[in-house]
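S.K.: No sequence on hand, only this structure:
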C-alpha cells in the first residue's frame with residue numbers, strides 16, 4: 001500500500017514538473033517571437049523616419065520655390 005502511495009506521489013510530481021517545463025518552453029518561445037516582432041517594427045520605423053526626413057526637406061524646397 002505504501003508503494004502505491006509513493007508511486008502515485010512520484011507520478012503526480014513528474015506530471016506537474018513536465019507541465020511546468022512545457023509552460024516555460026512555451027513562454028520562452030512567445031518572448032522570442034515578441035523580440036523578433038519588436039526588431040521588425042524598429043527596422044520599419046527607421047525606414048519611415050528616413051523617408052519622413054526626406055519628405056520634410058522636399059516640402060521646404062517647394063515652399064521656398066513658391067515664395068520666390
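M.R.: Sure, I can see it. None of the values given here were measured: they were computed from a predicted structure.

S.K.: The most centrally placed residue in the chain: what's it in contact with?
M.R.: Most central in the chain under CA atoms, centre = their mean is residue 34, positioned 0.7 Å from the mean C-alpha point. For residue 34, the contact set (CB atoms under 8 Å, 6 or more residues apart in numbering) is empty. Quick note: C-beta positions are derived from backbone N, CA and C, even for glycine.

S.K.: Distance of it relative to residue 67?
M.R.: Counting by CB to CB, to the nearest Å, the separation of residue 34 from residue 67 is 48 Å.

S.K.: so how far is the one helix or strand residue 34 maps to off the chain centroid?
M.R.: Using DSSP states H and E, residue 34 maps to helix 2-67. Mean-position distance between helix 2-67 and its chain equals 0 Å (CA atoms, centre = their mean, to the nearest Å).

S.K.: Relative to residue 6, how far out is residue 58?
M.R.: 78 Å.

S.K.: Kindly report the same for residue 39.
M.R.: 50 Å.

S.K.: same deal with residue 30?
M.R.: According to CB to CB, residue 30 stands 36 Å off from residue 6.

S.K.: Residue 63 now?
M.R.: 84 Å.

S.K.: ok, now residue 51?
M.R.: Residue 51 is 68 Å from residue 6, by CB to CB.

S.K.: which intervals of this structure have sub-threshold pLDDT?
M.R.: The chain contains no residues with pLDDT under 70.

S.K.: Kindly recompute the last result at 80.
M.R.: Scanning the chain for pLDDT under 80 picks out the ranges 68.
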